[in-house]
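S.K.: predicted model and sequence below, questions to follow.
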Amino acid sequence: MGRAFEFRKERKFKRWAKMAVQFTRIGKDIVMAVKESGPHPETNSRLRTAMQNAKAVNMPKDRVEAAIKRASDKSMANYEEIVYEGYAPHGVAVLIETATDNTNRTVANVRSYFNKTDGSLGKTGSLDFVFNRKSVFRFVPAEGLDLEELEFELIDAGLEELYVEADEEGNDIAVAQGAFENFGSLQKALEEKGIELKSSKLERIALSHHEVTEEQAADVLKLIDKLEEDDDVQAVYHNMAE
């Protein structure tokens, strides 16, 4: 069948692996949302957000419902959210968000990843000056939607920036960004305008970027890959220049 077949097969396996990781992370988001504010999305904005994100990655409806049912069981323990901060090799700042049911396992794993790649795990708060937490909403702009007009209408809800980026397939995705504390008001304003959100997240945005060579970037990515493969890790952020 040749190289082309093998290449397509490899890409398919990578896609499946990425999808499995996304399902695990969103499943945890659903559990934490239900534990926090109950199983009804209409009265639980965090659960509504998690369900929107599940839909965006084509997470099966039965898996979403199973996660909600599982979380509604009082005997099921909740996950603890912990942030780890440190430096990858060559001075690149790395921040890791985790959700775990075993903090000893998680910190041991995260520390080992840094040690094995010549990085260093730092103290909580050591990267506060590197990253800013923002509310980030992505959606497919409907045909005929005037983004400039929408931007003006969302300012009172806390919008700071509205721009268009390309997704992995090269399709246009609109991105609405606001301050951390305006997540709820911005989400509500977008929903009231009938905009179907592709994802709704609190993301860490690097305030500045660290330049590295191509060889150095490969060293940094070894650490990032190890972290992203860990089941306890929800998100990994860094300030390495693209």
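M.R.: Now that the structure is in, tell me what you want to look at.

S.K.: how about the contacts made by Phe180?
M.R.: Residues in contact with Phe180, defined by CB atoms under 8 Å, 6 or more residues apart in numbering, are 133-135, 202. C-beta: built from backbone N, CA, C; applies to glycine.

S.K.: go with 10 Å
M.R.: Counting by CB atoms under 10 Å, 6 or more residues apart in numbering, Phe180 touches 132-135, 158, 202-204.

S.K.: break this structure into its domains for me.
M.R.: 1-70, 78-127+206-236, 130-203 (the TED database).

S.K.: who wins for proximity to Glu242 among the ones you listed?
M.R.: Closest of the domains of the chain to Glu242 is domain 78-127+206-236, at 7.8 Å (criterion: CB to CB).

S.K.: widest-spaced pair of the contacts of Phe180?
M.R.: Farthest apart among those - using CB to CB - are Gly158 and Arg204, which lie 17.9 Å from each other.

S.K.: next one: Asn58 from Gln22, what distance?
M.R.: 9 Å (CB to CB, to the nearest Å).

S.K.: more neighbours: these two, which one.
M.R.: Ranked by neighbour count (other CB atoms under 10 Å), Asn58 and Gln22 place Gln22 first, with 16 against 9.

S.K.: surely that one and Lys55 touch.
M.R.: No. In this structure Gln22 lies outside contact range of Lys55 using CB atoms under 10 Å: 11.8 Å.

S.K.: returning to that earlier point: so of the contacts of Phe180, which ones are in strands?
M.R.: Under the assignment DSSP state E, the contacts of Phe180 contribute 132-135, 202-204 to strands.

S.K.: re earlier: of Gly158 and Arg204, give the one with the bigger neighbour count.
M.R.: Arg204 (23 against 20).

S.K.: tell me the confidence at that one?
M.R.: You'll see Arg204 listed with a pLDDT of 96.

S.K.: so how far is Ser185 from it?
M.R.: 20 Å.

S.K.: got the domains of the chain as CSV, with distance to Glu242 columns?
M.R.: Putting the domains of the chain into CSV (distance: least, CB to CB, whole Å) gives the following:
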stretch, distance to Glu242
domain 1-70, 20
domain 78-127+206-236, 8
domain 130-203, 12
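
S.K.: just the buried residues out of the contacts of Phe180, in PyMOL syntax.
M.R.: Buried members of these, defined by 16 or more other CB atoms under 10 Å, are picked up in PyMOL with:
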select buried, resi 133+134+135+158+203+204
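
S.K.: go through the contacts of Phe180 and name the one nearest Gly91.
M.R.: Closest to Gly91, out of all of these and judged by CB to CB, is Arg204, at 17.6 Å.

S.K.: okay, helices next: where are they in this protein?
M.R.: 2-37, 45-56, 61-72, 103-116, 147-154, 183-192, 214-228 (DSSP state H).

S.K.: indicate which one of those is closest to Glu165.
M.R.: Comparing the helices of the chain by CB to CB, helix 147-154 comes nearest, at 12.4 Å.

S.K.: that closest one: which residues count as buried?
M.R.: 150-151, 154.
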